[in-house]
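Undergrad: fold the following, please.
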Amino acid sequence: MASQGLLAGAGEGKLAVAPNGDVFAAATLDHFGPIVRVRQDTGEQTPIPSTSSSYWIGIVFDALREALWVHDGLEGEIQRIDPDTGTVEDAIGSGGGTPGAVALERDGKVLFFSPGARNSDPDLIIRF
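TA: Numbering: from 1, shown residues only. A predicted model of the protein is given here:
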């Protein structure tokens, strides 16, 4: 099936699941490409239009805000994106760290982890 190619290469940190079961896949192994929504009820795969650079490092679904949080590696930002329109609703600088993961805590706080670029560099964790 040709449509399965949209998800090819989506790897660790690049999948998010909404409470309704929809899956959001961010890009491929080269990091570039659209975020694709896979509807749990039909299996339909729909690229979400993006107002960002589309260089996705990490993604998580925020059920409290009904939004996606992504780490855009080119922009150097953690972005809150409307999953229906692709509009960037909020952006927070990632502190200039190495691209890393984004996650949510139970209280809705967003966590961004950035490993040190070299073994001598400290890891960076931002909570907001």
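
Undergrad: quick check: pLDDT value at F32.
TA: Here the pLDDT value assigned to F32 is 71.

Undergrad: oops, could you answer that again for S114 instead?
TA: 67.

Undergrad: wait, A26 touches W69, no?
TA: No - with contact defined as CB atoms under 8 Å, A26 does not count as touching W69 (10.8 Å). Heads up, the C-betas are built off the backbone N, CA and C, glycines and all.

Undergrad: and those two? which has more neighbours close in?
TA: Set A26 next to W69 and count neighbours by other CB atoms under 10 Å: A26 wins out with 27 against 23.

Undergrad: got a list of what the more buried one touches?
TA: 10, 14-16, 35, 56, 58-59, 70 (CB atoms under 8 Å, 6 or more residues apart in numbering).

Undergrad: would CSV of those with distance to P49 be doable?
TA: Listed next are the contacts of A26 as CSV, based on distance: CB to CB, whole Å:
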residue, distance to P49
A10, 18
K14, 18
L15, 20
A16, 17
I35, 9
W56, 14
G58, 20
I59, 16
V70, 14
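
Undergrad: which of those fall within strands?
TA: Among those, the residues falling in strands (DSSP state E) are 15-16, 35, 56, 58-59, 70.

Undergrad: quick revisit: what touches both of A26 and W69?
TA: In contact with both A26 and W69: I59, using CB under 8 Å, 6+ apart.

Undergrad: out of the contacts of A26, who's nearest T85?
TA: The shortest gap between T85 and any of the contacts of A26 belongs to I35, at 11.6 Å (CB to CB).

Undergrad: mind listing what the closest residue to that closest one other than its chain neighbours touches?
TA: Spatially, and ignoring its direct neighbours in sequence, I35 is nearest to I48 (4.6 Å; CB to CB, 6 or more residues apart in numbering). Residues counted as contacts of I48 (CB under 8 Å, 6+ apart) are 24, 34-37, 81, 83-86.

Undergrad: over to V60?
TA: 16, 68-70, 102-104, 110.

Undergrad: ok, back up a step: export the contacts of I48 to a markdown table and tack on neighbour count?
TA: Below are the contacts of I48 laid out as a markdown table (neighbours: other CB atoms under 10 Å):
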| residue | neighbour count |
| --- | --- |
| F24 | 22 |
| P34 | 18 |
| I35 | 25 |
| V36 | 19 |
| R37 | 20 |
| I81 | 25 |
| P83 | 18 |
| D84 | 11 |
| T85 | 12 |
| G86 | 17 |
